[in-house]
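In: Output the structure for:
(chains A and B)
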Amino acid sequence: MKPPPAPGPLDEAPCAERLAAHAVTPGIAPRLHGYDVEGDLARHYGLSEMVLLALTGELPQGAAARAFEVAAAFLAPASVAEAPAHAAVLARLCRARQSGVTGIASIALAEEAHTLVAEHAALLEWLRTPSGPAPATCRSTTQDERRSVARLREALEPTGLSVPLLAEDPGRIPALIAVLHACGLDRKDQIEIAMVLARLPAAMAEASAVRPGRFRDYPTNLPPFRYEE
Amino acid sequence: MQAGARLPPIVTRVAHAGHDDHRFCGFLLFEELAGREPCAGLLALSILGRRLPPEECAVLDDLAAVTSVADPRIWPLKLTRLVAEFGSAQTAVAAGNLSLEGAIIGPWVCEDAATLLLQIGADVGDRVDDEEVVRRALLDRIGVSHPPGWGVPFREADERLAALRICLERRGRTGLRAWSLLEACTRVLRRERKLEPNITLGVAAACLDLGAPPNSIGILMTVLVQTVFVANAVEAARQAPTVLRRLPDHVISYVGKPPRTSPRAQAAARAGQTSTR
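Out: I've put the predicted structure just below:
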């Protein structure tokens, strides 16, 4: 039998003794960024305001919470044609545990959001320091997109939130990123998280509608694959 | 005509499921691979797209062994155990793996180290043995920045790299180009910057000497170090100690915003209401 191991680098290196909490106080009367969750926030604020508080550290001012709800609604429809909902459907088809289905949808949505935000890095830079026209890559390319952005403008109008990009013929995703930015989500990670939160319920709705094990009902060859050597 | 047939096909070189046998990366699964190809060989085939001879498969085994440092306090492994607290080892392994891609520790750092070695190798051409040429190429490449693959936290030298060197010496591979470059660069940085190489540089060199392109090394090593995740996930899922599921309050230090009352709660208090919603 080997003797017990001698102390190693992780035993000897200095490190913190406690885990730091930055947003939520531990214990049975939790506070979120200083606000009493059960005695204050739950009584006076809605979920979208709680989300913005969690992500930014401050309660939203003015029209931001309502505008955030509009943007989230526009982001919400994660169709089964899109990879995150499609992946969740396949997980459910395989009779994966519900935590697995939820996790798969969340991972795919997070990847999708990360990619979308990365593709619009120039827009985020412009939103931070707007000088001159918005990047050309933000422009709308189809009439369908223009109609969607027109509906977004109409939905936002009652909020009175100022989103200058909406006047520059933006594409749908750039417009939604600009709205989230105007709501106070000015970092990439905040926008990615908001996108995942908005889209998860619809993706899960597609998955939940699938009957596990009904492989014949699933179009295995959509799209087709061709094996080559 | 099926609806999907109108879509352009996705070309795959991975596999096709047949009736009596299946194709895998250009080979018949049962006839050519089963019983012949070791697990490391199948891994190389799936990532590098070619079969490795047995002596090169053995290098993958060496890499897996020397990097299987599975102390549960190592950060990605601790998060694996936190997820495993709820009873699923498999989900925990997936979570641990998610923590690695693009991270500042772990297998993916090997890609940056491999890229640097390749760049220096291109600069020095066939003069890997000329230390002054290597020195100039290395210092020109890294400038004043901290080069990937160097630096050993908490200790003076990386014992994993020393173990890998012994394995590769036994296999007669320390004279190969990338490893020779590693040694030459190490002599320069040890002398001029007091920097020691770490295992990521050794992995990078060993993989380059296998013909692996830098952008394949992160995923290759991720698969090779699965044991460290699996061992922790399996044990943690069985143990599920409640202390990890929820740490006691007294070991948490709250450093966030101080207690405050929301504007609506203040307004409700003034108006004598219970809710402003």
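In: Quick check: pLDDT value at B:Gly4.
Out: Here, the pLDDT recorded for B:Gly4 equals 62.
In: Kindly report the same for the one 10 residues further on.
Out: B:Val14 carries a pLDDT value of 97.
In: Quick check: it touching B:Phe24?
Out: Yes: with contact defined as Cβ atoms under 8 Å, B:Val14 reaches B:Phe24; the gap is 7.4 Å. (Each C-beta comes from the backbone N, C-alpha and C, glycine too.)
In: what about these two, which has more around it?
Out: Neighbour totals were compared for B:Val14 and B:Phe24, and B:Phe24 leads with 21 against 12 (other Cβ atoms under 10 Å in any protein chain shown).
In: Would you map the helices across the stretch 151-277 of chain B?
Out: Counting by DSSP state H, counting those that start in this stretch, the segments of the stretch 151-277 of chain B that form helices are B:159-170, B:177-193, B:199-209, B:214-224, B:226-239, B:242-245, B:263-271.
In: closest one to A:Thr129 among the ones you listed?
Out: Proximity to A:Thr129, assessed across the helices of the stretch 151-277 of chain B by Cβ to Cβ, is greatest for helix B:263-271 (30.2 Å).
In: And the closest one, what's buried?
Out: Buried residues in helix B:263-271, counting neighbours by 16 or more other Cβ atoms under 10 Å in any protein chain shown, are found at B:Arg264, B:Ala265, B:Ala268.
In: what's the answer for stretch B:21-41, then?
Out: Here stretch B:21-41 shows B:Arg23, B:Phe24, B:Cys25, B:Gly26, B:Phe27, B:Leu29, B:Leu33, B:Glu37, B:Ala40, B:Gly41 as buried, counting by 16+ other Cβ under 10 Å.
In: Start and end of that stretch, how far apart?
Out: 19 Å (Cα to Cα, to the nearest Å).
In: That stretch near chain A anywhere?
Out: Yes: counting by Cβ under 8 Å from any Cβ of the partner chain, chain A has neighbours in stretch B:21-41: B:Arg23, B:Gly26.
In: returning to that earlier point: and of the buried residues of helix B:263-271, the nearest to chain A?
Out: B:Arg264 (3.7 Å; Cβ to the nearest Cβ).
In: Surely that closest one touches A:Tyr45?
Out: Yes: with contact defined as Cβ under 8 Å, B:Arg264 counts as touching A:Tyr45 (6.8 Å).
In: residues shared between the contacts of those two?
Out: Residues within reach of B:Arg264 and of A:Tyr45 at once, by Cβ atoms under 8 Å, 6 or more residues apart in numbering or on different chains, are B:Arg277.
In: hmm, back to that, and the buried residues of helix B:263-271 near chain A, which?
Out: Contacts with chain A within these, counted by Cβ under 8 Å from any Cβ: B:Arg264, B:Ala265, B:Ala268.
In: give the contact list for the second one.
Out: Listed by Cβ under 8 Å, 6+ apart, the contact set of B:Ala265 reads A:Asp36, A:Gly39, A:Asp40, A:Arg43, A:His44, B:Thr276.
In: try it again with 7 Å
Out: Listed by Cβ atoms under 7 Å, 6 or more residues apart in numbering or on different chains, the contact set of B:Ala265 reads A:Asp40, A:His44.
In: Test for you: state the pLDDT assigned to it.
Out: Looking at B:Ala265, the pLDDT reads 97.
In: swap in the last one?
Out: Each residue has a pLDDT score; the one for B:Ala268 is 96.
In: what bits of the stretch 101-250 of chain B have low per-residue confidence?
Out: Filtered on pLDDT under 70, the stretch 101-250 of chain B yields no residues whatsoever.
In: in it, what residue is nearest chain A?
Out: In the stretch 101-250 of chain B, the residue that lies nearest chain A is B:Phe154 (3.7 Å; Cβ to the nearest Cβ).
In: Counting neighbours, what do you get for that residue?
Out: Counted by other Cβ under 10 Å, the residues lying close to B:Phe154 total 12.
In: quick one: the closest residue to it other than its chain neighbours from B:Phe27, how far?
Out: Counting by Cβ to Cβ, 6 or more residues apart in numbering or on different chains, A:Pro9 is the residue found nearest to B:Phe154 once chain neighbours are left out, at 3.7 Å. Per Cβ to Cβ, to the nearest Å, A:Pro9 is found 43 Å from B:Phe27.
In: Same check on B:Arg36?
Out: Distance from B:Arg36 to B:Phe27, by Cβ to Cβ: 9 Å.
In: now do A:Met195
Out: A:Met195 is 41 Å from B:Phe27, where distance means Cβ to Cβ.
In: rewinding a little: A:Asp11 is in contact with the residue of the stretch 101-250 of chain B closest to chain A, correct?
Out: No: counting by Cβ atoms under 7 Å, B:Phe154 stays clear of A:Asp11, with 9.9 Å between them.
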